[in-house]
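Asker: sequence? don't have it. structure:
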């Protein structure tokens, strides 16, 4: 029987080592009215700022509907598992499509009776299985949120001075951790004690943003006895996790720290004037340094609280929020050495770490998603307006100084 799969040659090789053969691509989708989403986005909650619960639930329902239909299609193919599961949003004219994609795989092991779904591709799945983790299901957690008009007014007044805007920092820290809490809840409901390979994406649309975390809810009997009643979370790739497991380290928790800083009107004017000259802009250097230190300090404090040995894979990202505001996000995984933890194989096969090169490039369409793992962000009208307003303030200030001294 002919098989049409999304698995690459390297993935098929790796899965064969774990007694899996490729199956067909499986798809699930659900189409919603974009107008309905915008109605929720412009409601009372969006004015106040923070999470927009109705919108969070609406998007969650759409993602779940698409995923359920993917599962139904996988059952038609008698799949043992579905690997590389994704949860995407595609904007059409006036509608939004929730789309789940994956590739069915079939176990060649006799008596196999543990069907699962996973966000890991074939190579990552090999590493996860070899590190002693049994996948259970694809898991996700999301939160839709807005900066809010009311919160923006308060923050705008504080933006006149340089430094952290606690109202924004607290809101971003809260919403980012909500997504993490929800993916943990999803895992716990499916009797998993780990969520592995978490990928985080921020998608702006309709004046609001959705933060989405996807990963694989999994089980490891050794962790159940060592880290009792905990669901560990990790944004390490499964290949990275395999390497840490070979050294006896297990992930404990994905850590997030966010700081929102304002340059301040005086510092902003100074930096704009200095930008016309060559050389370092000390105001911006110091501001971004302080924001980064603050964000890293947040994850360091949490790591100490939970008793972690180290925090690995720490990355920092700077986002321009417009109107002279920047967000500094730090993200990493706390790890702890666990007695008896090891991998099944002494070494990963080369096929598990070879990066498959894309062979199709689309240079026409520019999607507006934001990926925190790459730091890419589409330009939006809010940031353009913010720069324009800031430029007007600078011009007014210079005119005022000129009149005063004339």
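Answerer: Now that the structure is in, tell me what you want to look at. No experiment lies behind these values; they were computed from the predicted model shown.
Asker: so where is this structure shaky, pLDDT-wise?
Answerer: 35-49, 147-162, 206, 225, 227-228, 263-281, 283, 322-323, 362-406 (pLDDT under 70).
Asker: just the helices in it please.
Answerer: 9-17, 34-41, 44-48, 53-76, 122-130, 149-158, 166-189, 221-226, 238-246, 265-274, 282-306, 381-405 (DSSP state H).
Asker: For the residue lying closest to residue 338 once chain neighbours are set aside, which residues count as its bridge partners?
Answerer: Residue nearest to residue 338 in three dimensions, not counting chain neighbours: residue 250, with 4.6 Å by CB to CB, 6 or more residues apart in numbering. In short, each C-beta sits where N, CA and C put it, glycine included. In this entry, residue 250 is beta-bridged to residue 336, by DSSP bridges.
Asker: can I assume residue 250 is in contact with residue 233?
Answerer: No - taking contacts as CB atoms under 8 Å, residue 250 lies outside contact range of residue 233: 11.6 Å.
Asker: one step back: for the residue nearest to residue 338, which residues are in contact?
Answerer: Residues in contact with residue 250, defined by CB atoms under 8 Å, 6 or more residues apart in numbering, are 220, 223, 226-227, 232, 244, 335-338, 341.
Asker: Kindly reformat those as a markdown table containing distance to residue 130 and neighbour count.
Answerer: Converted to a markdown table, the contacts of residue 250 look like this (distance: CB to CB, whole Å; neighbours: other CB atoms under 10 Å):
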| residue | distance to residue 130 | neighbour count |
| --- | --- | --- |
| 220 | 12 | 23 |
| 223 | 16 | 22 |
| 226 | 19 | 15 |
| 227 | 20 | 20 |
| 232 | 18 | 25 |
| 244 | 13 | 22 |
| 335 | 18 | 26 |
| 336 | 20 | 20 |
| 337 | 19 | 12 |
| 338 | 16 | 19 |
| 341 | 13 | 20 |
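Asker: Burial check on the residue nearest to residue 219 when sequence neighbours are not counted, number of neighbours?
Answerer: Distances taken as CB to CB, 6+ apart put residue 134 closest to residue 219, at 5.0 Å, once the chain neighbours are dropped. Look at residue 134: counted by other CB atoms under 10 Å, it has 14 neighbours.
Asker: Kindly report the same for residue 300.
Answerer: 19.
Asker: Name all residues that make contact with it.
Answerer: So residue 300 contacts residue 311 (CB under 8 Å, 6+ apart).
Asker: how close does it sit to residue 234?
Answerer: 18 Å (CB to CB, to the nearest Å).
Asker: How about residue 64?
Answerer: Residue 64 is 23 Å from residue 234, by CB to CB.
Asker: hang on, the residue nearest to residue 219 packs against residue 217?
Answerer: No - Residue 134 lies out of contact with residue 217 (CB under 8 Å); the separation is 10.3 Å.
Asker: returning to what we had before: out of the contacts of residue 250, the closest to residue 86 would be?
Answerer: Distance to residue 86, by CB to CB, is smallest for residue 232 among these, at 22.8 Å.
Asker: Touching, that closest one and residue 241? I think so.
Answerer: No - contact criterion CB under 8 Å: residue 232 and residue 241 do not qualify, at 10.4 Å.
Asker: Verify the contact between residue 172 and residue 257 for me.
Answerer: No - applying CB under 8 Å, one finds residue 172 not in contact with residue 257, separated by 10.0 Å.
Asker: residue contacts, residue 214?
Answerer: Taking CB under 8 Å, 6+ apart as the definition, contacts of residue 214 comprise 86-87, 119, 138-140, 183, 198-199, 201.
Asker: Keep only those of those that are in strands.
Answerer: Of the contacts of residue 214, the ones assigned to strands by DSSP state E are 86-87, 138-140, 198-199, 201.
Asker: Format the residues you listed as TSV; extra columns: distance to residue 294 and neighbour count.
Answerer: As requested, the ones in strands among the contacts of residue 214 are exported to TSV (distance: CB to CB, whole Å; neighbours: other CB under 10 Å):
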residue	distance to residue 294	neighbour count
86	34	16
87	32	23
138	34	27
139	30	29
140	29	23
198	23	25
199	25	16
201	24	20
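Asker: Redo those residues as TSV? Include distance to residue 127.
Answerer: TSV is the format used below for these (distance: CB to CB, whole Å):
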residue	distance to residue 127
86	19
87	22
138	17
139	18
140	21
198	15
199	15
201	22
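Asker: What is the nearest of those residues to residue 293?
Answerer: Of these, the one sitting nearest to residue 293 (CB to CB) turns out to be residue 198, at 24.7 Å.
Asker: show me the contacts for the closest residue to that closest one other than its chain neighbours.
Answerer: The shortest distance from residue 198 to any non-neighbouring residue, by CB to CB, 6+ apart, is to residue 215 (3.9 Å). Residue 215 makes contact with 119, 139-140, 183, 195-199, 233-234, according to CB under 8 Å, 6+ apart.
Asker: neighbours of the nearest residue to residue 125 once chain neighbours are set aside, just the number please.
Answerer: Excluding its sequence neighbours, the residue lying closest to residue 125 (CB to CB, 6+ apart) is residue 83, at 5.3 Å. Applying other CB under 10 Å, we find 30 other residues in the vicinity of residue 83.
Asker: was I right about residue 83 contacting residue 128?
Answerer: No - using CB under 8 Å, residue 83 makes no contact with residue 128, being 10.3 Å away.
Asker: Quick check: neighbours shared by those two?
Answerer: Going by CB under 8 Å, 6+ apart, residues that sit against residue 83 and also against residue 128 are 118, 120.
Asker: Just list the residues touching the residue nearest to residue 219, thanks.
Answerer: Counted by CB under 8 Å, 6+ apart, residue 134 has contacts 114, 116, 218-220.
Asker: of all these, which comes closest to residue 6?
Answerer: Comparing these against residue 6 with CB to CB places residue 116 closest, at 17.1 Å.
Asker: How many neighbouring residues does that closest one have?
Answerer: Neighbours of residue 116 (other CB under 10 Å): 20.
Asker: Starting from residue 51, give me the distance back to it.
Answerer: Relative to residue 51, and taking CB to CB, residue 116 is found at 31 Å.
Asker: next one: residue 68
Answerer: 24 Å.
Asker: More neighbours: which of those two?
Answerer: Between residue 68 and residue 51, counting by other CB under 10 Å, residue 51 is the more crowded of the two (20 against 12).
Asker: Report the beta-bridge partners for the more buried one.
Answerer: When bridges are called by DSSP bridges, residue 51 pairs up with residue 145.
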